[in-house]
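>>> What follows is a protein structure lacking sequence information:
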């Protein structure tokens, strides 16, 4: 068989494996997440991230051992949803040191969220159309999102970008950008801001 006719390796389905960042165990990850949330054990964002980490950790267990942890995960997921207003499914790949500021009306259903991302209240990541339920946004490293931001569909918010409050992102945002408005438009590159300061 020639290389052109080779069958590509199957991509694992989201949620079929542990997608926590590699190189750190669950307890080390949780300690880092707690530090990211200023050591505040009762911060709702930390609870949402902690439950997400647990939901992924259990996927690394042998299938026979997994059911009781799955029941516990589902209970904690719903508890965070109902009490904190934060929906963060374990099927989302979440990087390290992600900070969820405040709480309430947050639907964070992305393909992936990078390292050192800041997310604020009333943020929505999700699909743009009902007939494209698997087309989800990618939030790259060090993105800072204002409150009320919506990022919809298979778009990419480039690393080191800032998205202003209440912006609706429906197209890719290049790295190092500042974007605002509905629909969101890039108004500056961060190099320009730094040069003007």
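Yep, that arrived. Quick caveat: nothing in here was measured; it's all calculated off a predicted structure.
>>> Residue 80 contacts residue 48, correct?
Yes. If you go by CB atoms under 8 Å, residue 80 and residue 48 touch, sitting 5.2 Å apart. Where you see a C-beta, it was placed from the backbone N, CA and C, and this is true even at glycine.
>>> which element follows the longest helix seen in the chain toward the C-terminus?
If you go by DSSP state H, the chain has its longest helix at helix 66-84. Of the helices and strands lying after helix 66-84 in sequence (DSSP states H and E), the nearest is strand 86-87.
>>> Parallel or antiparallel, which strands does that following strand pair with?
In the sheet, strand 86-87 lines up against strand 106-108 (parallel) (DSSP bridges).
>>> quick one: residue 97 and residue 36 touch, right?
Yes. Assessed by CB under 8 Å, residue 97 is found in contact with residue 36 at 4.6 Å.
>>> okay, residue 80 and residue 48: which has more neighbours?
Neighbours were counted for residue 80 and for residue 48 using other CB atoms under 10 Å; residue 48 has more, 27 against 22.
>>> so which helix or strand takes in that one?
Element membership for residue 48 (DSSP H and E) is helix 44-57.
>>> and that helix, what does it pack onto?
Contact partners of helix 44-57 among helices and strands, from 3 or more CB pairs under 8 Å, 6 or more residues apart in numbering; DSSP states H and E: helix 26-36, helix 66-84, strand 86-87, strand 99-100.
>>> List just the one of those that sits closest to residue 129.
In terms of CB to CB, the element of the helices and strands packed on helix 44-57 nearest to residue 129 is strand 86-87, at 19.3 Å.
>>> where does the chain dip in pLDDT?
Along the chain, the model assigns pLDDT under 70 to residues 1-12, 193, 195-197.
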